[in-house]
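**Q** whatever this is, show me its structure:
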Amino acid sequence: MLPARRGVPDISRIAPSGRSVLLGFVLLALATGAYAVARETSVFSVRTLDVRGGSPALRAQVSAALGPAVGKSLLRVDGDTVARALAPLPGVRSFSFDRSFPHTLRVVVRPEQPVFVLRRVPGNDAFLVAASGRVIRSLAHPRLSSLPRLWVTKDVHVVVGDRLGTAPTQAASALALLRGAPLPGGVRVVLAGQKELTLVLGSGLELRLGDVGDVRLKLAIARRILRQTSAASAGGGYLDVSVPERPVLSTNSLVGG
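**A** I've put the predicted structure just below:
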């Protein structure tokens, strides 16, 4: 064998031997086989569903939806499996899951947050609508809810679990921004058109937002004006922030801009 040239490493000294390579393949084959066995047998079968988050009623729905996973190997339950099971549940906004070996499937759900009650006229139909614009469920006793009302005609198609049209969904998104920072006086009614969104406050004052562009800024400006004036308690009138740079306030006793 020729001596190694100075400065050039002898690769034969650091290259794995044939025995090491063979051992590596054997270990890989054993690991693959063990995984396949565990995946297809009851070694790690789901025996416990640990559902967290949301209300007790929602957790019960999630447990029922995941019922078919019980008895299956944890290794066969993935994100797609859980997503397909929970997709029909309108109260679930998103989820995360974890396999707690040897036998527990843990799922944490994040519920939809209701922001208004949809009422259809004529008739007494009422539905709870989430911030995403998704219809969560019907309401048998809507008067018990303090959420804002959005009225639509009877011909508007409403299906529990589906999302509403563009205008109501945009209204839902706007109301979601008020959850942590409500407007003085609260919102009583929502008027949602294709290019106009108006929130009627508890006093009867109309907050005219125009389109939903810069809606966060418009709400912040409206909140500041309402806090600095008595407009929130004034009956009737309007606050127009459709052009944020030029808000217009008009009440029975005050006109400003």
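
**Q** bridging residues for the residue lying closest to residue 238 once chain neighbours are set aside?
**A** In space, and not counting its chain neighbours, residue 238 is closest to residue 206: 4.1 Å by Cβ to Cβ, 6 or more residues apart in numbering. Where you see a C-beta, it was placed from the backbone N, CA and C, and this is true even at glycine. Residue 206 has these beta-bridge partners by DSSP bridges: residue 200, residue 238.

**Q** residues contacting residue 206?
**A** Counting by Cβ atoms under 8 Å, 6 or more residues apart in numbering, residue 206 touches 198-200, 237-239.

**Q** and which of these is nearest residue 81?
**A** Comparing those against residue 81 with Cβ to Cβ picks out residue 199 as the nearest, at 41.3 Å.

**Q** what distance do you get for the closest residue to that closest one other than its chain neighbours to residue 219?
**A** Among residues not flanking residue 199 along the chain, residue 207 sits closest, at 4.4 Å (Cβ to Cβ, 6+ apart). Distance of residue 207 to residue 219, given as Cβ to Cβ, to the nearest Å: 8 Å.

**Q** what touches both of those two?
**A** Looking at what touches both residue 207 and residue 219 (by Cβ under 8 Å, 6+ apart), the common residues are residue 183.

**Q** for those two, indicate the residue with more neighbours.
**A** Each of residue 207 and residue 219 has its neighbours counted (other Cβ atoms under 10 Å); residue 207 has more, 24 against 21.

**Q** that one and residue 142, how far apart?
**A** For residue 207, the distance to residue 142 equals 23 Å [Cβ to Cβ].

**Q** also residue 242?
**A** Relative to residue 142, and taking Cβ to Cβ, residue 242 is found at 30 Å.

**Q** what is the burial count for the closest residue in space to residue 68 that isn't next to it in sequence?
**A** In this structure, residue 68 finds its nearest non-sequential neighbour in residue 85, 7.3 Å apart by Cβ to Cβ, 6+ apart. Other residues within reach of residue 85, judged by other Cβ under 10 Å, total 20.

**Q** cool, residue 188 as well?
**A** Neighbour number of residue 188 under other Cβ under 10 Å is 16.

**Q** over to residue 221?
**A** Per other Cβ under 10 Å, the neighbour tally for residue 221 reads 16.

**Q** contacts for the strand or helix carrying it?
**A** According to DSSP states H and E, residue 221 maps onto helix 215-228. Residues outside helix 215-228 that contact it (Cβ under 8 Å, 6+ apart) are 173-174, 177-178, 181, 183-185, 197, 207, 209-210, 231-232, 239, 241-242, 244, 247, 249.

**Q** now do the strands in this structure.
**A** 48-52, 92-100, 104-111, 114-121, 126-130, 135-138, 149-153, 187-192, 197-201, 206-210, 238-240, 248-250, 255-256 (DSSP state E).

**Q** export those strands to CSV and tack on distance to residue 71 and mean pLDDT?
**A** Formatted as CSV, the strands of the chain follow (distance: least, Cβ to Cβ, whole Å; pLDDT from 0 to 100):
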stretch, distance to residue 71, mean pLDDT
strand 48-52, 11, 96
strand 92-100, 15, 95
strand 104-111, 11, 97
strand 114-121, 35, 95
strand 126-130, 33, 97
strand 135-138, 30, 96
strand 149-153, 44, 95
strand 187-192, 47, 96
strand 197-201, 50, 96
strand 206-210, 52, 96
strand 238-240, 59, 95
strand 248-250, 64, 93
strand 255-256, 68, 43
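
**Q** I appreciate the help and will end here.
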